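Engineer: Task: produce atomic coordinates for the following.
(chains A and B)
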Amino acid sequence: MIDEPTLQRVLGSALRTGGDFAEVFAEDRRNSSALLDDGRVEELTSGRDRGAGIRVVSGDTTGFAHTADLSEAGLLAAAEAAAAAARGGGGGTRTVALARRPASRGYEIERYPGDVPKATKVELLTRADDVARSSGGAISQVSASYGDSRRRILVANSDGLLAEDDTVRTFFAVSCVATGDTGMQTGRESVGHTVGFELFDRYDVDELARRAAARALTKLAARPAPSGQMPVVIASGGGGVLFHEACGHGLEADLVAKGASVFRDRVGQRVASPGVTVIDDGTMAKEWGNIAIDDEGNPAQRNVLVDDGVLTDYMWDQLRARKEGRPSSGNGRRQSYQHLPMVRMTNTHLLAGTDDPDDIVASTERGVYVKHLGGGQVNTATGDFVFGMTEAYLIEDGRITEPLREGNLIGNGPEVLQRIDALGDDFAMGPPGTCGKDGQGVPVGDGVPTLRVSSLTIGGTAA
Amino acid sequence: MTDELLSVADRVVAMARVGEQVEAVVVRGTDTEIKVYGGEVESLSSARSQGVGVRVVVDGRQGFAHAATLDDATLSETLAEARDNATFATRDEHAGLAAPDGVEPPRLDLHRPELEAFPPEAKVALAAELERAVLGADPRISGIESAEYVDGLSEAAVASTTGVRSVGRETSCYLATYVMAAADDEVQTGFGFSVGREPAQLDPRRAAADAAARATRMLGAVQPATTRTTVVLDPWVTAQLLGIVGSTLNGDAVLKGRSLFADRLGEPVASPLVTLVDDPTDVRAFTATDADGEGLAARRNELVRDGVLGRFVHNAYTGRRAGTTSTGNAVRSYRSTPSVDCLALALVPGADDPGALVAGVDDGVLVQEVSGLHSGVNPVSGDLSTGAEGIRIRSGELAEPVREFTIASTLQRMLLDVQAVGSDLEFLPMNAAGVTLVVADLTISGS
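Structural biologist: Got it, this is the predicted structure:
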């Protein structure tokens, strides 16, 4: 995207006002998407975004500017703006020698979506529509969407780092509305991986459509969710967002440093039940949160956050790690070249335990079985979090019985981690997610085995 | 400057072929974001961004493409891509661009040169003043997660082969802070903000006082017992719920069978106390605008009057398909085709201030913040369940703070259960204004 001599000159210029650290992040992204709704292929969209963000750090101050102009003149102008924003004290020039750092994700993209005819993508949508609509007369509306992106990034900084990555993601989703005597209900199913069009070798669109339809149809017969506290069993793959919210965000070093996390000063202490091991792993091949390098050029890592119930480490970006004199954990990510990087998760998951999933349900007298969770939100300072149930059932006498209408669950991160009293041996990753923080969205994955929380507050309306 | 954007849009439109409808939306923005921490600038970002979105409709098929550079080669490529994309769409007799409908844009005063002339040092000083004010507001304030100043100048132009030629330009700025209060081992949080079109309208002391009050009054919060009760919603919470109610009244959802109010025009859907308008021509609204995303004049639409559903909102496509016309409610960025949404919702305020409303509640909860709305409200089924925190109301008095509970109902029931609308209309940085709202008979789920 940008040659090395130009990068060196731009970094040198960025440091001219005396900054301690400068970085060029360049990005070239192509997106394509297709949407079918209401029985029609409504539109295909193509987009291209390209530009660079330049960061200058001077003491505790970061200056940042971005430009869509990747010429040397454009980059120098942005470098000057970033340097002015950081307002370092001294002057002088610094020469930056760049050393290219190899980045590999350990697998190849088999079929670049850009090489796939648009008609082939559209065909997936119409098939999903047909299958979903034939799942039952109560299915009253269907939408299906396809999306792919190819994102090339280049990072160069004044420490001499030079790294590049080329990331391809492909996504597919089906949403259904079912209409019955009780009103309307919705069901959605989505898949996304850091792969090309081979996504559809692994997933059958027909099956996704059937599952989305079934989810909506099931809920037509659902009763209001209970209110109050009871045990909650979360299905394998369906509830990784629980850990993303309950502890993931609270282990981001930028929040910890400001005292805005319930997990501050807790490293080395027991924060979860024995057996609970939480990992954030950007290297998980093909998963939605997979990266070869983070958006600061550091290689993706497998980071153990909680080991057998004990808090082992936080997640770090370059800025916080520099301050603490430790390496980054490869968690510096940003939505685009227009944004500053922050500490972000990648693929956050809980390792499997040894319990038989059927036994976990069978040993639950009365509770809620959550097959599928929606999004969530956490207040990291207090640890209070919520997440939505998009498919859930009542457990009565150790058996899964009636479906429940949608509702939120609410809990407190540190308390819930201590209340995990069963862990299944059936780990699975869940559907693709977008994690929002400070207005920036990045793709993240999550996963869990079947597990039970001995008590959570269910936000329904029934007694 | 804005004329330059219109000329870019005109250039795209001029490339249309015979039998083709072409629309270009061109935007440009300048944004500054300053975060202060410990009296120092933590980060200062300054950014200029731009983009073009091109929509082509030919033979009842629509295609779209966007790009972030505005040179002629990119414009041609983007148009060609949109044209190619159109060939894959299903033919739709209602597809088509908006055409001028004779409604004059309100020409609101949304652009302030004072913002453009405001120097970076003064912006930093405002953010620093905010941080100082927060830290000094109460001895129990233990830290700050963020104290920031943000401003933006945005310009947009829309032109089309159907005769639309629209330009708009606006400035906005805000101060926002998110703070922590501590007592013993307990930490609680609160936010505060101040919004304006120019820096002189910003009030750091008020933002700081709000944040400090919200955080400190939560200290000592306990989980309430599960019950059914009356809730008093803070304006901030009401505004978020109104945004969701608005999404159920959008013509696209109605036409596609995703609106729970689809068959209810002319029927009572809310308490008679509820009159809901969408009025982007009210210059006080943060989202006030002269024109919608298709370049049609923004206008005032009364959606619910005295509880009776009066109308849905439309863009050109959904209006045509519904057998009516656009209500000026096309919403988009340059990266997307126009969707439909409310632009600036507000409830017509009632007579009583928040204090009087609380005094009228024998037993209930004042909800000052909700969380997980995106996962907890299903706008198709109407099921509603959201995390909440606030203050117990006992015998008309604010009592102990409560947290870690949910409030649940359905959108349908909540609208019918409105007991009072406050007099405290407040314009907030979102597409709905806030007002204190009293709603009976919600389920509080706690211990």
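Engineer: Nearest residue to residue B:345 in space, please, no chain neighbours.
Structural biologist: The shortest distance from residue B:345 to any non-neighbouring residue, by C-beta to C-beta, 6 or more residues apart in numbering or on different chains, is to residue B:432 (4.0 Å). The C-beta positions use only the backbone N, C-alpha and C, and glycine is treated the same way.
Engineer: Tell me what the residue in the stretch 251-400 of chain A that chain B sits nearest to is bridged to.
Structural biologist: Of all residues in the stretch 251-400 of chain A, residue A:388 sits closest to chain B, at 3.0 Å by C-beta to the nearest C-beta. Taking DSSP bridges as the rule, residue A:388 bridges to residue A:408.
Engineer: quick one: it and residue A:404 touch, right?
Structural biologist: No - in terms of C-beta atoms under 8 Å, residue A:388 does not count as a neighbour of residue A:404; the distance is 11.9 Å.
Engineer: So if I had to pick from the two, which one is more boxed in?
Structural biologist: Shown here are residue A:388 and residue A:404; by other C-beta atoms under 10 Å in any protein chain shown, residue A:388 has more neighbours (29 against 24).
Engineer: Would you mind measuring from the more buried one to residue B:387?
Structural biologist: Residue A:388 is 10 Å from residue B:387, where distance means C-beta to C-beta, to the nearest Å.
Engineer: if we can go back for a sec, mind checking pLDDT for the residue of the stretch 251-400 of chain A closest to chain B?
Structural biologist: On pLDDT, residue A:388 comes in at 91.
Engineer: Please apply the same query to residue B:2.
Structural biologist: We have a pLDDT of 70 for residue B:2.
Engineer: got it, and residue A:16?
Structural biologist: Looking at residue A:16, its pLDDT stands at 87.
Engineer: what's the burial count for it?
Structural biologist: Residues near residue A:16, counting by other C-beta under 10 Å: 18.
Engineer: pretty sure it is in contact with residue A:86, am I right?
Structural biologist: No - with contact defined as C-beta under 8 Å, residue A:16 does not count as touching residue A:86 (11.0 Å).
Engineer: Name the SS class of the residue nearest to residue A:136 when sequence neighbours are not counted, please.
Structural biologist: Once flanking residues are discounted, residue A:136 sits nearest to residue A:217: 5.4 Å by C-beta to C-beta, 6+ apart. Assigned with DSSP: H, G, I helix; E, B strand; the rest coil, residue A:217 falls in the helix class.
Engineer: ok, which residues in the stretch 151-300 of chain A are in contact with chain B?
Structural biologist: For the stretch 151-300 of chain A, the residues in contact with chain B (C-beta under 8 Å from any C-beta of the partner chain) are A:177, A:179, A:183-186, A:219, A:225, A:227-229, A:255, A:258-260, A:262.
Engineer: Let me see the ranges of the helices in the stretch 51-200 of chain B.
Structural biologist: B:72-86, B:113-117, B:120-137 (DSSP state H, counting those that start in this stretch).
Engineer: Which of the ones you listed sits closest to chain A?
Structural biologist: Among the helices of the stretch 51-200 of chain B, the nearest to chain A by C-beta to the nearest C-beta is helix B:72-86 (3.7 Å).
Engineer: give me every residue that touches residue A:77.
Structural biologist: Residue A:77 sits next to A:67, A:69 when contact means C-beta atoms under 8 Å, 6 or more residues apart in numbering or on different chains.
Engineer: what about it, distance to residue A:14?
Structural biologist: From residue A:77 across to residue A:14, the span is 11 Å (C-beta to C-beta).
Engineer: How about residue B:429?
Structural biologist: 33 Å.
Engineer: With neighbour numbers in mind, choose between these two.
Structural biologist: residue A:14 (33 against 14).
Engineer: Now do the lowest-mean-pLDDT helix or strand in chain A: everything it contacts.
Structural biologist: Of all helical and strand segments in chain A, the minimum by mean pLDDT, DSSP states H and E falls on strand A:99-100, at a mean of 81. The contact list for strand A:99-100 (C-beta under 8 Å, 6+ apart) reads A:160-163.
Engineer: Looking at those residues, which are in strands?
Structural biologist: Under the assignment DSSP state E, the contacts of strand A:99-100 contribute A:161-163 to strands.
Engineer: Quick check: residues of the stretch 151-300 of chain B near chain A?
Structural biologist: Proximity of the stretch 151-300 of chain B to chain A, by C-beta under 8 Å from any C-beta, involves residues B:180, B:187-189, B:223, B:226, B:255-258, B:260.
Engineer: Which ones among these map onto strands?
Structural biologist: In this view, these that belong to strands under DSSP E are B:180, B:187-189.
Engineer: For those residues, pick the one with the most neighbours.
Structural biologist: Taking other C-beta under 10 Å to define a neighbour, the member of those with the most is residue B:188, carrying 26 neighbours.
Engineer: so what's the closest residue to that one other than its chain neighbours up against?
Structural biologist: Distances taken as C-beta to C-beta, 6+ apart place residue B:218 nearest to residue B:188, at 3.8 Å, with adjacent residues excluded. Counting by C-beta under 8 Å, 6+ apart, residue B:218 touches B:181, B:188-190, B:368, B:389, B:401, B:403.
Engineer: Which secondary structure state does residue B:218 sit in?
Structural biologist: Residue B:218 is classified as coil under three-state DSSP.
Engineer: Low-confidence ranges, the chain, go.
Structural biologist: Unless you meant another one, I'm taking chain A. Applying pLDDT under 70 to chain A picks out residues A:88-95.
Engineer: ah, I was thinking of chain B
Structural biologist: Applying pLDDT under 70 to chain B flags the ranges B:1.
Engineer: any idea how it splits into domains?
Structural biologist: B:2-216, B:227-241+B:349-445 (automatic domain parsing).
Engineer: most neighbours per residue, which of those?
Structural biologist: The highest mean neighbour count among those, using mean count of other C-beta atoms under 10 Å in any protein chain shown, belongs to domain B:227-241+B:349-445: a mean of 22.
Engineer: picking that back up, which of the contacts of residue B:218 lies closest to residue B:127?
Structural biologist: Using C-beta to C-beta, the shortest approach to residue B:127 within the contacts of residue B:218 belongs to residue B:190, at 17.8 Å.
Engineer: So the closest one sits against residue B:215, correct?
Structural biologist: Yes - the criterion here is C-beta under 8 Å, and residue B:190 meets it with residue B:215 at 3.2 Å.
Engineer: Between those two, which contacts overlap?
Structural biologist: In terms of C-beta under 8 Å, 6+ apart, residue B:190 and residue B:215 are both contacted by the residues B:179, B:181.
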